[in-house]
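Undergrad: one predicted model, sequence on top.
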Amino acid sequence: MKLVEINNLYKSFGGIKAVTDVNMSVDKGEIIGLIGPNGAGKTTFFNLLTGIYIPCSGDITYHFDEDISSKNFKAHKMAEYGVSRTFQNIRLFKKMNVFDNVLLGYHNNLETGVLPSLFRLPSYYKDEEKANEDVTKLLKIFNLYDKKDELALNLSYGDQRKLEIARALAAKPKLLLLDEPAAGMNVNETIELKELIQWVRKEFDLTIILIEHDMSLVMDICNKVFVFNYGNLIASGSPFDVQNNSEVIKAYLGGE
């Protein structure tokens, strides 16, 4: 079942072509890897997927509970649609504690309206209890519960990465976009991250698209890999196919 369909996607900034006529589809439950050098168009592509940028032409369609087209995307509603993302440069509320950072990601799942919240009706307390339970569960999954009262700025780099992913999951997405999740991690942290991504995909019934420069991570966990170069999608296929593609080897994996 196709969850994402992209047709003739094009985005330019002035005379610079950032994404050029990209066609691809993503099936439900897949882990998709996007590779390519800096400036290849990967982050611009993510920004198109999340409504931060509007395509100059072409279309993105999400097949969630109902079909959602990029013609109607609103960036502030992407989490409500079912899309969550992390960023290449970690974006946390550094002076808030770990628990509250994740709780912020949960806000779209709160059912209590203004009046029950204002007057502290029973439905408000029930909703708050459910939110706290779900956030606690996520923090335990990511081994962050013992640090729930720590300010985010006091966490190690690896833990900050995990916290950002936990916050993205708190929104209960159908599609999770990870922008260089292994950046700055050591070998052991990267191994842990591989296992975590595979586990959360299954546990939360997710589809995941990730941008990553760590080739071992991409090749180990991705069902399909798409290769970008100067905004063009130049290759796609299984990790094995892409790894053995002469163009990819020459351009991205150090071949001659």
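TA: Arrived safely. Numbers count the residues shown, from 1 in each chain.
Undergrad: could you check the pLDDT of R120?
TA: On pLDDT, R120 comes in at 70.
Undergrad: number of nearby residues for it?
TA: 10 (other Cβ atoms under 10 Å). (C-beta placed from N, C-alpha, C; glycine too.)
Undergrad: contact partners for it?
TA: Listed by Cβ atoms under 8 Å, 6 or more residues apart in numbering, the contact set of R120 is empty.
Undergrad: start at 572, not 1
TA: Taking 572 as the first residue, the last one we looked at is R691.
Undergrad: what about it, distance to K697?
TA: Distance of R691 to K697, given as Cβ to Cβ, to the nearest Å: 11 Å.
Undergrad: A589 now?
TA: As for A589, its distance to K697 is 46 Å (criterion: Cβ to Cβ).
Undergrad: who has more neighbours out of the two?
TA: Ranked by neighbour count (other Cβ under 10 Å), A589 and K697 place A589 first, with 20 against 13.
Undergrad: surely that one is in a strand?
TA: Yes. A589 forms part of a strand when assessed by DSSP: H, G, I helix; E, B strand; the rest coil.
Undergrad: could you pull up the residues touching it?
TA: K582, S583, G612, T615, G802.
Undergrad: do I have it right that the last one meets G612?
TA: Yes. Counting by Cβ atoms under 8 Å, a contact exists between G802 and G612, whose distance comes to 4.0 Å.
Undergrad: quick check: neighbours shared by the two?
TA: A589, V590, T591.
Undergrad: I'd like those as JSON lines, with distance to I779 and pLDDT appended.
TA: Shown next, in JSON lines, are the shared contacts of G802 and G612 (distance: Cβ to Cβ, whole Å; pLDDT from 0 to 100):
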{"residue": "A589", "distance to I779": "23", "pLDDT": "96"}
{"residue": "V590", "distance to I779": "20", "pLDDT": "97"}
{"residue": "T591", "distance to I779": "25", "pLDDT": "96"}
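Undergrad: the stretch 622-771 of the chain: strands as residue ranges?
TA: 628-634, 638-640, 654-656, 746-750 (DSSP state E, counting those that start in this stretch).
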